[in-house]
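Q: I'll drop the sequence and a predicted model, then ask my questions.
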Amino acid sequence: MTAPTTAMVLAAGLGTRMRPLTDDRPKALVEVGGRALIDHVLDRLAEAGVTRAVVNVHWFADRLEAHLGARGRGPEIVISDERDLLLETGGGLKKARPLLGDAPVFVANIDSVWIDRGDALGDLIRLWDPGRMDAALLLARREGAVGFEGEGDFFLADDGRLTFRGEAPAAPFAYMGVHITRPGYADGGPEGPFSLSPLWRASAAAGRLYGCVLDGDWMHVGDPGARDEAEARLAAGK
């Protein structure tokens, strides 16, 4: 399977839980281990073969655009402007559709940092099969994750197919913020803000949602405490 060379990076959120660190900057520019969160994900994507990243902006958009313009390394950055209205994950993907081309894309959050003992994004690329799948998600084991306090999102079948936790008290795997999908996956969503989650639920019900699991340490950097924990884990992992 050909690796995606374009990514959608979801960087427009308000970062409310990250305050006071986001009082003067977007969450994407909060630093962990000496690098902004968005640089962690863009560097990962570049290593996986991404040459062009569409980044949506809203909160402190000018500051984020200035940072991206000064990066001085790939991937090429294209801005999807959500200054007027924050569109959430599904709405953001739908708005950016004209910028994404027609080939499959990575879609990535900016609040995941990880230590990779394998080849996580390479595994995701090798899993992706558009004939069988609507989306292929990168997962992390709930146990041992930094900054994730939920009861897990998914069960994973031997063939990689995902089912949602549903009524179960817990599930072993959490979505860790990166997936591959078709650029038009959200085109049928409503106008305005909406989440990708209902689309994933429909795909899972149809047997078309798949995933693979990170071999490494996942840090969900959602608040200042998780940022501090992630810095300590990164330092210990070097």
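A: That came through, no problem.
Q: Now do the strands for this protein: every range, in order, please.
A: Under the criterion DSSP state E, strands of the chain are mapped to 6-10, 31-32, 35-36, 52-57, 76-81, 105-109, 112-116, 135-141, 154-156, 162-164, 173-181, 209-213, 216-220.
Q: Now the helix or strand bottoming out on mean pLDDT in the chain: buried residues?
A: Every helix and strand in the chain was compared by mean pLDDT, DSSP states H and E; the lowest is helix 224-237, with a mean of 91. By neighbour count on 16 or more other C-beta atoms under 10 Å, the buried set for helix 224-237 is Ala226, Arg227, Glu229, Ala230, Glu231, Arg233, Leu234. Just so you know, the C-beta spots here come from the backbone N, C-alpha and C atoms, and that holds for glycine as well.
Q: Low-confidence regions, the chain specifically.
A: Where the chain drops to pLDDT under 70, the residues are 1, 238.
Q: quick one: contacts for Leu121?
A: Arg44, Leu45, Glu47, Ala48, Phe106, Leu138, Val178 (C-beta atoms under 8 Å, 6 or more residues apart in numbering).
Q: and with 10 Å instead?
A: Listed by C-beta atoms under 10 Å, 6 or more residues apart in numbering, the contact set of Leu121 reads 3-4, 44-45, 47-50, 106, 108, 138, 178, 180, 214.
Q: From those residues, pick the one nearest Ala12.
A: Minimum separation from Ala12 among those (C-beta to C-beta) is found for Ala108, which lies at 12.8 Å.
Q: And the closest one, how far from Met176?
A: 10 Å (C-beta to C-beta, to the nearest Å).
Q: one step back: CSV for the strands of the chain, including distance to Glu191 and mean neighbour count?
A: As requested, those are exported to CSV (distance: least, C-beta to C-beta, whole Å; neighbours: other C-beta atoms under 10 Å):
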stretch, distance to Glu191, mean neighbour count
strand 6-10, 19, 25
strand 31-32, 35, 18
strand 35-36, 32, 17
strand 52-57, 16, 24
strand 76-81, 16, 16
strand 105-109, 20, 25
strand 112-116, 29, 22
strand 135-141, 22, 25
strand 154-156, 29, 19
strand 162-164, 26, 19
strand 173-181, 20, 24
strand 209-213, 24, 23
strand 216-220, 30, 23
